[in-house]
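Asks: Sequence first, then the predicted structure:
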Amino acid sequence: MITDKGPWWFTSKTVKPRDRSKIISVRTGITEIDKKIIGLNKKEVSVFSGFRSAGKSTILTQIALQVAHEGKRVALFSGESREDRVFEWTYLICAGRSYTYPTDYENYFKIAPDAMPLMQDWLEQKMFVYNNSYGNKYDTLFSMMQDCIDKKRTDVIILDNLMSIDIGATDANKNAKQSEFIWKIKNFAEEKDVHIILVAHPRKTVGGVLRIDDISGTSDLTNAADNVFLLHRVNFDFKRNARALFRWGEEEPILNYDNIIEIAKNRDLGRVDDWIGMYFDKASKQMSCDGKEIIYGWRNDR
């Protein structure tokens, strides 16, 4: 039987092979990830998770800046940070170590004054941060996302994070509401031709090393997602726990990095269990695979 949705069952002759040249991928800017999965495909959803200080804010900001660097547009919902704090962090990473200078405080760096207006001009019509004054109810958020796509032609949407979005859940229906939400995001991304990144917090783990099943909430979060990335900070506890869990030796190379991004799931190319080592630059808060400064499009020396 054939309806307006097509036949009930497909056969080998009624399904056309996918044309990869028509799949639009947005690079993450993290070289080793882009080598392995090409990038973040439009019409898909990625879930990011990690413990505190694992580098989520840095990586998400760098992805947003990479989107801008490629001449595309990104929208960001940050339920736990004010818009000025979001942009403050963004400018620091965008500036790079060449345009930051130290202060009397060990972890506080300032941006060169002449760099700020250049970055503001460059990002003006490329990055849009949601106004939290309009609330965090998911139906309002979807309306705002639709508006941003229609008026700003947004390519990537970052939702940071699931716990700060009011999806109407109670203790009794939490999993059901999360399942409903992730599938709505999935359908929205495909229908609107965007890539959506959703941050989901983990629950406490037994072994101390975050695994995909440790992401808090319904299993549909990771089942529906096209990509799942786990972020790890390589501190003393992580080294001890990872050696015990994976039976790594003292000289395991991945433990020489500051942070790790783990590709826990990639539906498109079937990548799984890829560990990407990252070096952290204290001055700019940038993370890179080779420790080199990332240069974005606002700079005259690009």
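Replies: Done, it's in.

Asks: what ranges do the strands span in the stretch 201-302 of the chain?
Replies: Using DSSP state E, counting those that start in this stretch, the strands of the stretch 201-302 of the chain run over residues 227-233, 259-266, 274-280, 287-288.

Asks: Would you reformat these as JSON lines and include mean neighbour count, distance to A112 and mean pLDDT?
Replies: The way it works is simple: take the backbone N, C-alpha and C, and place the C-beta from them, glycine included. Shown next, in JSON lines, are the strands of the stretch 201-302 of the chain (neighbours: other C-beta atoms under 10 Å; distance: least, C-beta to C-beta, whole Å; pLDDT from 0 to 100):
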{"stretch": "strand 227-233", "mean neighbour count": "23", "distance to A112": "28", "mean pLDDT": "98"}
{"stretch": "strand 259-266", "mean neighbour count": "22", "distance to A112": "26", "mean pLDDT": "98"}
{"stretch": "strand 274-280", "mean neighbour count": "18", "distance to A112": "21", "mean pLDDT": "98"}
{"stretch": "strand 287-288", "mean neighbour count": "22", "distance to A112": "20", "mean pLDDT": "97"}
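
Asks: I'd like the ones you listed written out as CSV, with distance to G50 added.
Replies: Formatted as CSV, those follow (distance: least, C-beta to C-beta, whole Å):
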stretch, distance to G50
strand 227-233, 3
strand 259-266, 9
strand 274-280, 12
strand 287-288, 12
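
Asks: So which of those strands is nearest G29?
Replies: Proximity to G29, assessed across the strands of the stretch 201-302 of the chain by C-beta to C-beta, is greatest for strand 287-288 (8.9 Å).

Asks: Parallel or antiparallel, list what pairs with that closest one.
Replies: Strand 287-288 pairs in its sheet with strand 274-280 (antiparallel), by DSSP bridges.

Asks: Indicate which one of the strands of the stretch 201-302 of the chain is closest to R240.
Replies: Evaluated over those, closeness to R240 peaks at strand 227-233, with 12.9 Å, by C-beta to C-beta.

Asks: what about this structure, any weak spots by pLDDT?
Replies: Scanning the chain for pLDDT under 70 picks out the ranges 1-3, 206, 300-302.

Asks: Now with 90, please.
Replies: For the chain, the stretches flagged by pLDDT under 90 are 1-9, 13-23, 52-53, 80, 106-107, 169-172, 203-208, 217-218, 250, 300-302.

Asks: Pick out the residue closest to the middle of it.
Replies: Against the mean C-alpha coordinate of the chain, by C-alpha atoms, centre = their mean, the closest residue is L60 at 4.5 Å.

Asks: Please give the element, helix or strand, for that residue.
Replies: If you go by DSSP states H and E, L60 is part of helix 56-69.

Asks: got it, and F128?
Replies: Assigned by DSSP H and E, F128 falls in strand 127-129.

Asks: so what strands line up beside that strand?
Replies: Sheet pairing of strand 127-129 (DSSP bridges) gives strand 74-78 (parallel).

Asks: tilt between the strand it pairs with and helix 56-69?
Replies: Per axes from the mean of the first three to the mean of the last three C-alpha atoms, to 10 degrees, the angle that strand 74-78 makes with helix 56-69 is 160 degrees.

Asks: Send me strand 74-78 as PDB with only the CA atoms.
Replies: Coordinates of the C-alpha atoms in strand 74-78 are reproduced here as PDB (Å, rounded to 0.1, in the frame of the first residue of the first chain):
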ATOM      1  CA  VAL A  74      24.900  29.900  15.900                       C
ATOM      2  CA  ALA A  75      22.300  30.400  18.700                       C
ATOM      3  CA  LEU A  76      23.000  29.700  22.300                       C
ATOM      4  CA  PHE A  77      20.700  29.100  25.300                       C
ATOM      5  CA  SER A  78      22.700  29.200  28.500                       C
END
